[in-house]
Each structure stands twice: as C-alpha cells, then as structure tokens.
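[1] Let me see the structure of the following:
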Amino acid sequence: MSRAELVFLSGWQQRSEQALERQLNALTTVSPRLLAAMRYSLLGKGKRIRPVLSYAGAASVGEITDAVDDVACAVECIHAYSLVHDDLPAMDDDDLRRGQPTCHIAFDEATAILAGDALQTLAFQILAGAALPPQDSLALIARLAEASGASGMVAGQAVDLAAVSRQLSLSELEQMHRFKTGALIRASVSMGALATGAASPEQLAALGRFGDSIGLAFQVQDDILDVAGTTEEIGKQQGADALRDKPTYVSLLGLDQARRKARDFHEAALEALSHFDQRADPLRQLSTYIVERSS
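    Reported below is the predicted structural model:
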C-alpha cells in the first residue's frame, strides 16, 4: 500500500506535528539548550505512527477532539524520549536516527539524557492538563505509565539488553517485543479511543488486541528492514542489530519466514477489528502500511 492510498495519513501527521509544536512553544525553561535538544528529538523527521494510531483509534469509535491531540502528543513524547535514551552510548550507542545525528551526537550526552527526561515528564504534564473529566485524564495517565514503564516499554528494553549474544526462543522474542515495541503502540490506539469517551469495554478490548498484533508486526518489519533495507531508507545504520548480535525475527526465522510472521500478525490485527464498521478503515489500512513499509 502506497502512502498516497492512505489519504488520512499526511493530514494526521501534520496535525500531530502542529500540536507538538504548540506544546513546545508553551514551555518555559531556564535552559534554551535543553529546549533545543527536546525540539530536535521530538520534531525531527519521523513517521508519527503512534500519534496517527491514536487518531485512528479515536475515529473508530467517536470524534477526534483536542483531548485526542493531547494523547497523540503524549505518546509521541514518550516515543521520542525512548529513542534518545536507546541511542545513548550506555544503551545501543547509535550515531544516526531518522536520518540525522542522534541527540547525544548533535548536542552532548548529558543534554541528551536531560532532554529524554524532560520529554518523558512532558507526556504526563500534557495528559494532566487535557480538557477531560479528571477521572478520564487519570485513566489515560495510568495507561501510559503502565505501557511505558517497568511493566511495558522499559521492561522490554531491559530484556533486550540482557538478550545480546543469546539465542531466544520465538515465544521469548515475542514476549520481549510485546513490552519493548508493542506496549506503547497498543496504548496509542486504546488511549485515542478512551479520550473520546465513546468506547465500550468490548471495543477497547478489541482495540487492545489490534494494537498488540500490529505492535509485533511493526517489530518484525523493523527486523526485516535492518537486513533488507538501506541506511538511507531506514534512517539509521543498516545491519546494526546483526553487528550487536541481537536476537531478531530474521536471525531466528530467516527472512522469508519473518515476512510470513509479519503477515500473520497483520491478519490477526484485521480479525480483531471484525466487529467494527468502516470508521475503523484507517486502522485496517495502517496495519497494511506497517507490514509493507520500507522505512
């Protein structure tokens, strides 16, 4: 599926970037350098998949409101912080991200750490100030905290670091990526729906299954691109996982079977939406885009 077929994608990408710009412009800080590093990391080139998933999750059950903009900003702040910290010398030690020098290369290591810290806390500040009933804001904060912390993304990153030079089973690899990549993607979809106030428990459960499946599909495709893509296409060093001896779907299954695995997750994602009407078509199209993307 080409980007041209995703008629909603560029509009929601631009909407999220404008909302992120407003959030940064509203910050007051005594450190212009810190703010510059935050802006560099948050507004650099990126696909904005997580904000777009929040908009699509909202559209599948209700209306896209200012509160959904806040959700989109919050999940992207968490994602950007995680990339800044993952790239640090103590973690993956990358010098290229989204086609440009990583934050600690463009600035310095201490500034990158602080920029990541600030982006993480900004996410929760945004949700706390959302135009929603207090109990709804609290529910969103709790969901994002769970998805991004020691029960979610951070847990997955810890397992990933411990897995270097080890052979994982397929179930162990999937469990790692349900935390590392899938938790925030799953939260992006469900939080968008939650912010509308229109989602039923059954719909939220189905959207959770959808998010779980596309989170894994996204990671499989990332592993494929690390082997089959180019540095220019993927915006980071091609072959980095193999150089670090990291377990991946490709190293475990081979390229052809990894591609089949991505399709299996895509099909499971579509099945999760079987009881949704055409309002969920953007989610269906995004699932196709995720397994067919080349960057």
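[2] and the gap between the closest residue in space to Asp93 that isn't next to it in sequence and Glu109?
    With sequence-adjacent residues excluded and distances taken as Cβ to Cβ, 6 or more residues apart in numbering, Asp93 is closest to Asp87, at 7.5 Å. To be clear about C-beta, it is placed using only N, CA and C from the backbone, and glycine gets the same treatment. According to Cβ to Cβ, to the nearest Å, Asp87 stands 10 Å off from Glu109.
[3] Which one of those two is surrounded by more residues?
    Asp87 (23 against 13; other Cβ atoms under 10 Å).
[4] so the more buried one makes contact with Arg98?
    No. With contacts counted by Cβ atoms under 8 Å, Asp87 stays clear of Arg98, the gap being 10.4 Å.
[5] What are the boundaries of the helices in the stretch 151-295 of the chain?
    153-162, 170-177, 183-196, 201-228, 231-234, 240-243, 249-253, 255-272, 281-292 (DSSP state H, counting those that start in this stretch).
[6] mean pLDDT for those helices: which is lowest?
    When the helices of the stretch 151-295 of the chain are compared by mean pLDDT, helix 231-234 comes last with a mean of 65.
[7] Which positions in stretch 250-269 come out as buried?
    The neighbour-count check on stretch 250-269 (16 or more other Cβ atoms under 10 Å) flags Val250, Ser251, Leu252, Leu253, Ala258, Arg259, Lys261, Ala262, Phe265, His266, Ala268, Ala269 as buried.
[8] Can you point out the helix or strand that includes His79?
    helix 66-86 (DSSP states H and E).
[9] Tell me which of the helices of the stretch 151-295 of the chain is the most buried.
    Most buried of those, by mean neighbour count (mean count of other Cβ atoms under 10 Å): helix 183-196, with a mean of 28.
[10] can you state the direction angle for that one and helix 66-86?
    Angle, helix 183-196 to helix 66-86, by axes from the mean of the first three to the mean of the last three Cα atoms, to 10 degrees: 160 degrees.
[11] if we can go back for a sec, paired strands for the helix or strand following the helix holding His79, with orientation please.
    With elements assigned by DSSP H and E, the helix or strand that comes after helix 66-86 is strand 96-97. Applying DSSP bridges to the sheet, strand 96-97 is found paired with strand 100-101 (antiparallel).
[12] Show me which positions of the helix or strand following the strand it pairs with end up buried.
    Once strand 100-101 ends, the next helix or strand along the chain (criterion: DSSP H and E) is helix 103-106. Buried positions in helix 103-106, judged by neighbour count with 16+ other Cβ under 10 Å: Cys103, His104, Ala106.
[13] So for helix 103-106, mean pLDDT?
    96.
[14] what's that helix packed up against?
    Counting contacts by 3 or more Cβ pairs under 8 Å, 6 or more residues apart in numbering; DSSP states H and E, helix 103-106 is packed against helix 32-42, helix 109-128.
[15] Same list, the helices of the stretch 151-295 of the chain, but as JSON lines with distance to Gly46 please.
    Below are these laid out as JSON lines (distance: least, Cβ to Cβ, whole Å):
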{"stretch": "helix 153-162", "distance to Gly46": "17"}
{"stretch": "helix 170-177", "distance to Gly46": "20"}
{"stretch": "helix 183-196", "distance to Gly46": "14"}
{"stretch": "helix 201-228", "distance to Gly46": "14"}
{"stretch": "helix 231-234", "distance to Gly46": "12"}
{"stretch": "helix 240-243", "distance to Gly46": "18"}
{"stretch": "helix 249-253", "distance to Gly46": "23"}
{"stretch": "helix 255-272", "distance to Gly46": "21"}
{"stretch": "helix 281-292", "distance to Gly46": "15"}
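[16] wait, which of the ones you listed is closest to Ile64?
    Ile64 lies closest to helix 183-196 among the helices of the stretch 151-295 of the chain, at 7.8 Å (Cβ to Cβ).
[17] now the closest residue to Val84 other than its chain neighbours: how far from Val227?
    Closest residue to Val84 apart from its sequence neighbours, by Cβ to Cβ, 6+ apart: Gly116 at 4.0 Å. For Gly116, the distance to Val227 (Cβ to Cβ) stands at 28 Å.
[18] Over to His85?
    His85 is 25 Å from Val227, where distance means Cβ to Cβ.
[19] dump the residue contacts of the nearest residue in space to Thr248 that is not next to it in sequence.
    Closest residue to Thr248 apart from its sequence neighbours, by Cβ to Cβ, 6+ apart: Asp223 at 4.0 Å. Counting by Cβ atoms under 8 Å, 6 or more residues apart in numbering, Asp223 touches Asp241, Thr248, Tyr249, Val250, Ser251, Ala258.
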